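Student: The sequence and its predicted three-dimensional model are supplied below.
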Amino acid sequence: MEYIYIFMLAAFVGYEVISRVPVILHTPLMSGSNFVHGVVLVGSMFALSNATQWYELLLGFLAVLLGAANAAGGYVVTERMLGMFTTKKKPAAVEAAKEA
């Protein structure tokens with residue numbers, strides 16, 4: 001029962017902390033969370049390598065699969081967020097039309 005209370009407290013605190021992050025800090029925050037997902041992935045690979053029972057192998061495989069998807073997805077989202085801040089180079093025809 002105490003684990004449910006800890007989970008609820010962690011969910012509430014996590015929501016409150018993330019909701020108060022300014023928009024300009026979301027990209028560095030995503031990079032930091034990608035690092036954490038990488039650590040989780042390494043931990044799940046370690047757990048999978050030490051698995052002996054079939055259910056341990058299954059859970060370890062799922063942990064590695066989901067951890068890898070989470071880490072890769074985080075990097076894709078970070079790349080898209082960084083892409084919003086880059087300026088797009090205009091074609092030469094548009095530049096020439098403005099000068100004329």
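Tutor: Thanks, I have it. Numbering: from 1, shown residues only.
Student: Let me know the secondary structure of the most centrally placed residue in the chain.
Tutor: Closest to where the C-alpha atoms of the chain average out (CA atoms, centre = their mean) is G74, at 3.0 Å. Secondary structure for G74, judged by DSSP: H, G, I helix; E, B strand; the rest coil, is helix.
Student: how much space is there between it and F35?
Tutor: According to CB to CB, to the nearest Å, G74 stands 9 Å off from F35. For glycine as for every other residue, the C-beta is placed from the backbone atoms N, C-alpha and C.
Student: same question, E2
Tutor: For E2, the distance to F35 equals 29 Å [CB to CB].
Student: swap in T78?
Tutor: Distance, T78 to F35, using CB to CB: 11 Å.
Student: For the two, indicate the residue with more neighbours.
Tutor: T78 (18 against 12; other CB atoms under 10 Å).
Student: So which elements touch whichever strand or helix holds L62?
Tutor: Per DSSP states H and E: L62 is located in helix 54-83. Judged by 3 or more CB pairs under 8 Å, 6 or more residues apart in numbering; DSSP states H and E, the packing partners of helix 54-83 are helix 26-49.
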